[in-house]
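>>> Please work out how this folds:
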Amino acid sequence: MPGRLPLVEQLDVLRSVLSRNEVLTDVLTRAAALELPDWYLTAGCLFQTVWNVVTDRPPTAGIKDYDLFYFDDADLSWEAEDAVIKAGRKVFAGLPAEVEIRNEARVHLWYEQKFGVPCPPHGSTEAAIDSFAATTCCLGVRLNPDGGWRVYAPHGLSDVFGLVLRPNPVLAPREVYEAKAACWQATWPELTVLPWPERCGR
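Next comes the predicted model:
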């Protein structure tokens with residue numbers, strides 16, 4: 001049970017588990033070459049790889065895309081973000097998966113239209129990761145220049161290893177959490193989905 005190990009040992013297990021997903025490690029290596037500010041590979045590709053390994057599935061099973069976040073508040077135009085996306089298409093060409101690149105400094109410009117609630121401007125990529133609908137999703141990894149891994153996991157790793165989906169009612173509305181939970185549980189029925197806290201309403 002990796003979730004019961006000391007945190008430093010959990011980090012070692014995390015790297016070992018994620019390294020079994022060769023697409024993920026390839027994305028990390030190629031992403032580092034882009035030299036994006038404050039970048040992380042984040043969300044589903046990470047925790048779903050762990051779920052797959054823990055439940056004896058192929059490491060890439062059920063993973064739809066690989067989310068690459070960065071933070072650049074010097075230019076909030078769509079044109080600037082689109083230029084990075086286009087550069088990314090060249091870097092990630094040939095991969096058997098889609099890599100979705102987003103500038104988290106721009107999220108507040110479109111979030112309300114998509115999800116129905118306002119989003120204050122994020123101050124960093126870490127702040128954006130903090131706002132995911134489930135604490136289990138709040139996970140980011142990037143390669144340091146020396147080849148080491150930088151792991152951002154504000155809620156720890158125990159739930160990730162334990163296949164526990166826990167709501168994070170700080171930004172995303174209840175319906176987003178419940179829709180994602182239902183979708184993920186259909187693919188990984190071993191998940192334990194904790195309910196949205198009633199005191200938080202929608």
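>>> show me the contacts for the residue nearest to the spatial centre of the chain.
In the chain, the centroid-proximal residue (Cα atoms, centre = their mean) is residue 43; its distance is 1.4 Å. Residue 43 sits next to 67, 129, 132, 137, 139 when contact means Cβ atoms under 8 Å, 6 or more residues apart in numbering. Heads up, the C-betas are built off the backbone N, CA and C, glycines and all.
>>> any chance of those residues in CSV, plus secondary structure?
Formatted as CSV, the contacts of residue 43 follow (DSSP: H, G, I helix; E, B strand; the rest coil):
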residue, secondary structure
67, strand
129, helix
132, coil
137, helix
139, coil
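>>> Surely residue 118 is in contact with residue 112?
Yes - judged on Cβ atoms under 8 Å, residue 118 makes contact with residue 112 at a distance of 4.8 Å.
>>> Now flag whichever of the contacts of residue 43 is closest to residue 56.
The nearest member of these to residue 56, counting by Cβ to Cβ, is residue 139 at 21.2 Å.
>>> Count the residues that sit near that closest one.
27 (other Cβ atoms under 10 Å).
>>> Check it and give its pLDDT.
As predicted, residue 139 sits at a pLDDT of 97.
>>> what about the residue nearest to the centre of the chain, distance to residue 143?
Using Cβ to Cβ, to the nearest Å, residue 43 is found at 17 Å from residue 143.
>>> What are the boundaries of the strands in this protein?
40-42, 65-70, 98-103, 140-143, 149-152, 164-165, 192-193 (DSSP state E).
>>> got the contact list for the fourth one?
Counting contacts by Cβ under 8 Å, 6+ apart, the residues outside strand 140-143 that touch it are 18, 28-29, 31-32, 39-42, 46, 69, 125-126, 129, 149-153.
>>> Narrow those to just the buried residues.
18, 28, 31-32, 39-42, 46, 69, 125-126, 129, 151-153 (16 or more other Cβ atoms under 10 Å).
>>> ok, back up a step: of the strands of the chain, flag the one that's most buried.
Mean neighbour count (mean count of other Cβ atoms under 10 Å) peaks for strand 40-42 among these, with a mean of 25.
>>> Summarise which helices and strands that one is packed against.
In terms of contacts (3 or more Cβ pairs under 8 Å, 6 or more residues apart in numbering; DSSP states H and E), strand 40-42 is packed against helix 22-34, strand 65-70, helix 125-130, strand 140-143.
>>> right, and the ones you listed - which one's nearest residue 5?
Using Cβ to Cβ, these put strand 140-143 closest to residue 5, at 18.1 Å.
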